[in-house]
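Enquirer: this is a predicted model, with the sequence first.
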Amino acid sequence: MYACMLLLLCYFRCLHPVLCPHISQVRDMTGDGTVIKRRLREGKGEFPVDCPLHDTRLTLHYRVRAAAAPGQPPGPWLHDTLSGGACATAAAAEQDWGAAAAATHTGATSADTGCGELPEAVELCAKLMVPGEWASTAAAPSYAYAGRTDAPAGLDPNAPAEFELVLLEFEREGYWQSMPWEERWALAERIKAKANDLHKRGQHGHAISRCVHCAWCRRGIGRAVGDG
């Protein structure tokens, strides 16, 4: 009986093939559902070698709004770098935001990851994107604006948020092992300056992280100079 059912299933599958025109990649970034990344459009590059996995400086467009309640339509976008930070109009929301964002650097945000300059949900997702990729992320308050002072007007910092972002480019600081020693030294100096700035602003955890990055970057420079 079981064999007959299998034969029947194969028969109907041959007669009625299932087409899958599009697969949307969805990733639970934290393992507990507090940050969910959904890829809306593929970028250009190979995962993960063309992703900013290590702390570095990246440039991106993003927009944010309050997460929709179950069964309710989403609200308006409250901050949008593509439109100069202003709220997007209803007409603009209808357009292909991802394509428009990928086509221009005007108004884009440049930030150092690992320094708290971006909401953590945005940073987590950006680290697993390739240039040109368009993604959305739903984030719990602790990964959005809770405890931060840069929540856009109209967004409760203690409420979940929804982001859309397009990664434009990033500096490949994480791959300093392959850099000439002159470039590696310049990179280490920039990281040290960033660490000092973070320390002065009281962001000691982020400052320590950059100091560790600087120390690793400087490893082998003296040996390289001596060999030269």
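Expert: Thanks, I have the structure now. Numbers count the residues shown, from 1 in each chain.
Enquirer: mind listing what the spatially closest residue to D156 that is not a sequence neighbour touches?
Expert: What sits nearest to D156 in space, not counting adjacent residues and going by C-beta to C-beta, 6 or more residues apart in numbering, is A66, at 7.1 Å. C-betas here are computed from N, CA, C, even on glycine. Shown in contact with A66 (C-beta atoms under 8 Å, 6 or more residues apart in numbering): G75, L78, G154, L155, D156, A159, P160, A161, E162.
Enquirer: do the same with G107
Expert: H61, T81, L82, S83, G84, G85.
Enquirer: rerun that using 7 Å as the cut-off
Expert: T81, L82, G84 (C-beta atoms under 7 Å, 6 or more residues apart in numbering).
Enquirer: who does the residue nearest to D156 bridge with?
Expert: Counting by DSSP bridges, A66 forms beta bridges with A161.
Enquirer: show me the protein divided up by domain.
Expert: 26-171, 175-227 (automatic domain parsing).
Enquirer: from A207, how far off is E189?
Expert: 16 Å (C-beta to C-beta, to the nearest Å).
Enquirer: so for these two, which residue has more residues nearby?
Expert: It is A207, of E189 and A207, that has more neighbours when counted by other C-beta atoms under 10 Å, with 19 against 13.
Enquirer: distance of that one from D112?
Expert: Taken as C-beta to C-beta, the span from A207 to D112 is 12 Å.
Enquirer: just checking, next helix/strand downstream of the helix ranked longest in the chain?
Expert: Assignment by DSSP state H gives helix 181-200 as the longest helix of the chain. Using DSSP states H and E, the helix or strand that follows helix 181-200 in sequence is helix 204-218.
Enquirer: buried stuff in that following helix?
Expert: H206, A207, S209, R210, C211, H213, C214, C217, R218 (16 or more other C-beta atoms under 10 Å).
Enquirer: who's in contact with stretch 116-130?
Expert: 29, 35, 37, 43-45, 47, 50-53, 58, 60, 62, 111, 113, 135, 137, 139, 143-145, 148, 163, 165, 167, 203, 206.
Enquirer: let's see that with 8 Å instead.
Expert: Contacts of stretch 116-130 (C-beta under 8 Å, 6+ apart): 27, 29-30, 35, 37, 42-48, 50-53, 58, 60, 62, 64, 109, 111, 113-114, 135, 137, 139, 142-145, 148, 161, 163, 165, 167, 203, 206.
Enquirer: now, those residues that are in strands?
Expert: Among these, the ones falling in strands (DSSP state E) are 27, 35, 37, 58, 60, 62, 64, 109, 111, 135, 137, 139, 161, 163, 165, 167.
Enquirer: which ones are touching the first one?
Expert: Going back to what we said before, that points to R27. I36, K37, R38, L128.
Enquirer: quick one: low-confidence parts of this structure?
Expert: Filtered on pLDDT under 70, the chain yields the residue ranges 1-23, 86-95, 173-178, 206, 220-228.
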